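> Okay, sequence plus prediction incoming.
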There are 4 protein chains.
Amino acid sequence: MSTAERVGVSLEKELLTVFDKLIAEDGYTNRSEAVRDLIRERLSRKQLSNPSAHAVAGVFLIYDHHETKLPQKLVDIQHNHLLEVIASTHVHLDHHNCLEVIILKGKVKEIEKLGNNIASLKGVKLSRMNMMAVDA
Amino acid sequence: MSTAERVGVSLEKELLTVFDKLIAEDGYTNRSEAVRDLIRERLSRKQLSNPSAHAVAGVFLIYDHHETKLPQKLVDIQHNHLLEVIASTHVHLDHHNCLEVIILKGKVKEIEKLGNNIASLKGVKLSRMNMMAVDA
Amino acid sequence: MSTAERVGVSLEKELLTVFDKLIAEDGYTNRSEAVRDLIRERLSRKQLSNPSAHAVAGVFLIYDHHETKLPQKLVDIQHNHLLEVIASTHVHLDHHNCLEVIILKGKVKEIEKLGNNIASLKGVKLSRMNMMAVDA
Amino acid sequence: MSTAERVGVSLEKELLTVFDKLIAEDGYTNRSEAVRDLIRERLSRKQLSNPSAHAVAGVFLIYDHHETKLPQKLVDIQHNHLLEVIASTHVHLDHHNCLEVIILKGKVKEIEKLGNNIASLKGVKLSRMNMMAVDA
């Protein structure tokens, strides 16, 4: 952690009681950490609203590996976008279904485009994407 | 505001700088208010994960008022759920489209059910629902 | 409705069974209407990703009306943005809390900015915003 | 794919034109696949609203690996919940920051709890979680 600064925040007693209860349930051991997480989360969402911001993302796919050529297509996409795919993890869920997590790095708008293209592949049943802004 | 308590939060200098910039853009005049809003928002989302929690909601609908009987159906729904509909506001968007905002009060699961039912009415083109937890 | 076109969609039998069950619960009386709603929803989300797209929005606020000057500030905001505020509805929730729904019309980015500014007002405890793309 | 059934859906001509344009941009080669994806997505969200539904999830974390003991804690969590952690992938983002993707399997409510606990660990700066319902 870089140099820390101490900031005073005034809170209604009731709000504080409920908040302390919630963060204890979530496993926080101190309030500062919980408030920092809320602030980082807010900033990250703000940064992601800029299409040119740098971000890392996880594309999370469930697909049918019996559908011809899908795994090959996934490999192609990864090789065609070398700069953006950092890693991928493959899990066999059952006889039909595979789960693939593809970790991407790049600008927000490029990640979104690639994410949509992957989701539209034949055989891909469900997809979700997570993004987090990072420094360039 | 009920009795307030002052809480110290330690934050990395960089994080604080970016946060101060963001909240100034949003129009906050002090950090406490911005942090309180983050905390209230987090608590509200947590409460809404409980289907029996009390909430108020706004159902926003765009619908075609030329579709027979829709306005009548909206009125019926409101009268059939007297306890849950607090108010509604109607706006003419253009020759075809109306916007209706229906403010509901009740338990989370009941609001969700009614919201889905309204959304499924013939003639309703788009709908969105917002919920905020409230004390019973 | 403008001229309709009939489109054939092939679906796995299992998927169709589960979908029919879900839409019946939601109150749909036919599949076409349910599929149309999914398509409109997808298009609306796509359009909202364009900051210059036209949209209507509902800002949904819970605030403490004992906090000095808030109602006046809300009125000011509405009068300062005449072109964007279509209507507002005010509801008394309890001794302390009011609910206000402000219906806005304008470009996506302008609505977002105004929404953030309203949310940051002192006394505003919770806020949510819903947007739906509309034709210009 | 199991036995397929052909379903007719009637759509306004304008809506169809805009939809065809959108799905072409996303890379779909036929409408059926695009509509199936919308339906699967809707069903998946519905299933996730049931806390006892089975799901797979990806927890995406950015954390500071200089914070003492975090990697060990991550390993501990994974070993304490053997049935739920399927795989994890670790990526070095820069001198300070690591990205970890943890793939979990289990009931919705258990995944949510574990996800919250991981997010609250000291040193974890940002976290996101994705869930997709699966058959038991």
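Ah, there it is. Only a predicted model underlies this, so the values are computations on that prediction, with no experimental measurement involved. Residues are numbered from 1 along each chain as shown, chains lettered A, B, ... in the order given.
> contacts for the helix-or-strand element of chain A with minimal mean pLDDT?
Ranked by mean pLDDT, DSSP states H and E, the weakest helix or strand in chain A is helix A:70-80, scoring a mean of 70. Under the criterion Cβ atoms under 8 Å, 6 or more residues apart in numbering or on different chains, residues A:63-65, A:85, A:88, A:100, A:102, A:114, A:117-118, A:121-124 lie in contact with helix A:70-80. C-beta here means a position set from N, CA and C on the backbone, and glycine is covered the same way.
> which one among those gets closest to B:Glu33?
Of all the contacts of helix A:70-80, A:Leu114 has the smallest distance to B:Glu33: 39.0 Å, by Cβ to Cβ.
> Could you double-check that that closest one sits in contact with A:Lys107?
No: in terms of Cβ atoms under 8 Å, A:Leu114 does not count as a neighbour of A:Lys107; the distance is 10.6 Å.
> Between those two, tell me which one has more neighbours.
Using other Cβ atoms under 10 Å in any protein chain shown, the more surrounded residue of A:Leu114 and A:Lys107 is A:Leu114, with 23 against 16.
> ok but that one is inside a strand, no?
No: using DSSP: H, G, I helix; E, B strand; the rest coil, the secondary structure at A:Leu114 is helix, not a strand.
> separation between it and C:Gly58?
Per Cβ to Cβ, to the nearest Å, A:Leu114 is found 33 Å from C:Gly58.
> same thing with A:Lys109?
Counting by Cβ to Cβ, the separation of A:Lys109 from C:Gly58 is 28 Å.
> If you count surrounding residues, which of the two has more?
More crowded of A:Lys109 and C:Gly58, by other Cβ under 10 Å: C:Gly58, with 27 against 14.
> A:Val18: neighbour count?
A:Val18, neighbours per other Cβ under 10 Å, totals 15.
> Run through the strands of chain A in chain order.
A:4-12, A:54-64, A:85-92, A:97-107, A:124-133 (DSSP state E).
> quick one: is the last one near chain B?
Pointing back at strand A:124-133 there. No: residues of strand A:124-133 contacting chain B under Cβ under 8 Å from any Cβ of the partner chain: none, with a closest distance of 10.8 Å.
> so what secondary structure elements neighbour that strand?
Packing partners of strand A:124-133 (3 or more Cβ pairs under 8 Å, 6 or more residues apart in numbering or on different chains; DSSP states H and E): helix A:31-48, strand A:54-64, helix A:108-119, helix D:31-48, strand D:54-64, strand D:124-133.
> Quick check: A:Cys98 vs chain C, distance?
To chain C, A:Cys98 is 17 Å away according to Cβ to the nearest Cβ, to the nearest Å.
> and the least confident helix or strand of chain A, how far out from the chain's middle?
21 Å (Cα atoms, centre = their mean, to the nearest Å).
> any weak-confidence spans in chain A?
Low-confidence segments of chain A (pLDDT under 70): A:1-2, A:68-70, A:78, A:80-84, A:136.
> Write out the residues of chain A neighbouring chain B.
Within chain A, the positions near chain B by Cβ under 8 Å from any Cβ are A:1-16, A:18-19, A:22, A:31-32, A:35-36, A:38-40, A:42-43, A:46.
> Next up, the contacts around the closest residue to A:Leu15 other than its chain neighbours.
In this structure, A:Leu15 finds its nearest non-sequential neighbour in B:Ile39, 6.4 Å apart by Cβ to Cβ, 6 or more residues apart in numbering or on different chains. By Cβ under 8 Å, 6+ apart, B:Ile39 lies in contact with A:Leu11, A:Leu15, A:Phe19, A:Val35, A:Leu38.
> Save these as JSON lines, and put in neighbour count too.
Shown next, in JSON lines, are the contacts of B:Ile39 (neighbours: other Cβ atoms under 10 Å in any protein chain shown):
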{"residue": "A:Leu11", "neighbour count": "20"}
{"residue": "A:Leu15", "neighbour count": "18"}
{"residue": "A:Phe19", "neighbour count": "22"}
{"residue": "A:Val35", "neighbour count": "23"}
{"residue": "A:Leu38", "neighbour count": "17"}
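> Looking at those residues, spot the one nearest chain C.
Comparing the contacts of B:Ile39 against chain C with Cβ to the nearest Cβ places A:Leu15 closest, at 9.3 Å.
> doesn't B:Arg40 make contact with the closest one?
Yes: using Cβ under 8 Å, A:Leu15 makes contact with B:Arg40 at a distance of 6.9 Å.
> quick one, what contacts the nearest residue to A:Leu16 once chain neighbours are set aside?
Leaving aside its chain neighbours, A:Leu16 sits nearest to B:Glu5 (5.6 Å; criterion: Cβ to Cβ, 6+ apart). Residues near B:Glu5 by Cβ under 8 Å, 6+ apart: A:Ser10, A:Leu11, A:Glu12, A:Lys13, A:Leu16.
> Number of residues surrounding the nearest residue to A:Val91 once chain neighbours are set aside?
Nearest non-adjacent residue to A:Val91, counting by Cβ to Cβ, 6+ apart: A:Leu99, 4.3 Å away. Around A:Leu99 there are 23 other residues, counting by other Cβ under 10 Å.
> Identify the bridge partners of A:Leu99.
The bridge-partner assignment for A:Leu99, based on DSSP bridges, gives A:Ile62, A:Val91.
> what about stretch A:74-90, start to end distance?
Counting by Cα to Cα, to the nearest Å, you get 11 Å between the two ends of stretch A:74-90.
> so how far is A:Asp135 from the closest residue to A:Cys98 other than its chain neighbours?
Spatially, and ignoring its direct neighbours in sequence, A:Cys98 is nearest to A:His65 (4.8 Å; Cβ to Cβ, 6+ apart). Going from A:His65 to A:Asp135 by Cβ to Cβ gives 37 Å.
> do the same with A:Ile118
For A:Ile118, the distance to A:Asp135 - Cβ to Cβ - is 25 Å.
> Over to A:Asn116?
Counting by Cβ to Cβ, the gap from A:Asn116 to A:Asp135 is 25 Å.
> pretty sure the residue nearest to A:Val91 is touching A:His90, no?
Yes: between A:Leu99 and A:His90 there is a contact under Cβ under 8 Å: 7.5 Å.
> Looking at the helices and strands packed on strand A:124-133, which is nearest to C:Ser52?
helix A:108-119 (14.9 Å).
> which residues sit against the closest one?
Residues contacting helix A:108-119 (Cβ under 8 Å, 6+ apart): A:48, A:50-55, A:57, A:59, A:61, A:74, A:77, A:81, A:84, A:102, A:104, A:106, A:124, A:127, A:129, A:131, A:133, D:25-27, D:37.
> now stretch A:12-32
A:11, A:34, B:1-5, B:7-11, B:36, B:39-40, B:42-43, B:46, D:116-117, D:119-122.
> Show the buried residues in those residues.
A:11, A:34, B:7, B:9-11, B:36, B:39-40, B:42-43, B:46, D:116, D:119-122 (16 or more other Cβ atoms under 10 Å in any protein chain shown).
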